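Participant: Take this sequence and fold it.
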Amino acid sequence: MAISFNHTIVAARDKRESAEFLAELFGLPSPQPFGHFMAVTLEHGVNLDYADAPQGEEIRRQHYAFLVSDDDFDAIYGRIAARGLQHWADPRQQRPGEINHNHGGRGVYFLDPSGHAMEILTRPYGSDG
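Facilitator: Residues are numbered from 1 along each chain as shown. Okay, the predicted model is just below:
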């Protein structure tokens, strides 16, 4: 049996703002409404379905990691820098303004408008380099 990941729901303070943030930063097509979600489509048909969190409910930070090509990393990191977004080389946010070179690639962490920890990396964890 072939199993593939299809979608996940991402809680947001403002689903449109968060979905547009990711789509623009990653150079993806504009988010599309789907029911009460704003869907951002990634490769292989995977969707991030952004939903407004109930009023007054705390949004628990989640971590979303995206494996990208070197060219995509350059483009996305260029947009991060052009926007002046805070970013870090590590998930504990102790190396601000840096890129890591883990696993023979590059990676960086940043926050989306709802406070979720986003990561882009060019090599999967455990790669030899």
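Participant: Quick check: closest non-adjacent residue to Ala65.
Facilitator: Spatial nearest neighbour of Ala65, excluding adjacent residues (C-beta to C-beta, 6 or more residues apart in numbering): Glu119 at 4.2 Å. Bear in mind the C-beta positions are built from the backbone N, C-alpha and C, glycine included.
Participant: pLDDT value on the one you found, please?
Facilitator: According to the prediction, Glu119 has pLDDT 98.
Participant: What helices and strands are in contact with whatever helix or strand it lives in?
Facilitator: Using DSSP states H and E, Glu119 maps to strand 117-121. If contacts are counted by 3 or more C-beta pairs under 8 Å, 6 or more residues apart in numbering; DSSP states H and E, strand 117-121 sits against strand 63-67, helix 70-83, strand 107-111.
Participant: can you rerun that using 7 Å?
Facilitator: Judged by 3 or more C-beta pairs under 7 Å, 6 or more residues apart in numbering; DSSP states H and E, the packing partners of strand 117-121 are strand 63-67, strand 107-111.
Participant: How about residues contacting it?
Facilitator: Strand 117-121 is contacted from outside by 61, 63-68, 73, 76, 91, 105, 107-112, using C-beta atoms under 7 Å, 6 or more residues apart in numbering.
Participant: Pairing partners for it, with directions?
Facilitator: Here strand 117-121 is paired, per DSSP bridges, with strand 63-67 (parallel), strand 107-111 (antiparallel).
Participant: Give me whichever of those is most buried.
Facilitator: strand 107-111 (a mean of 21; mean count of other C-beta atoms under 10 Å).
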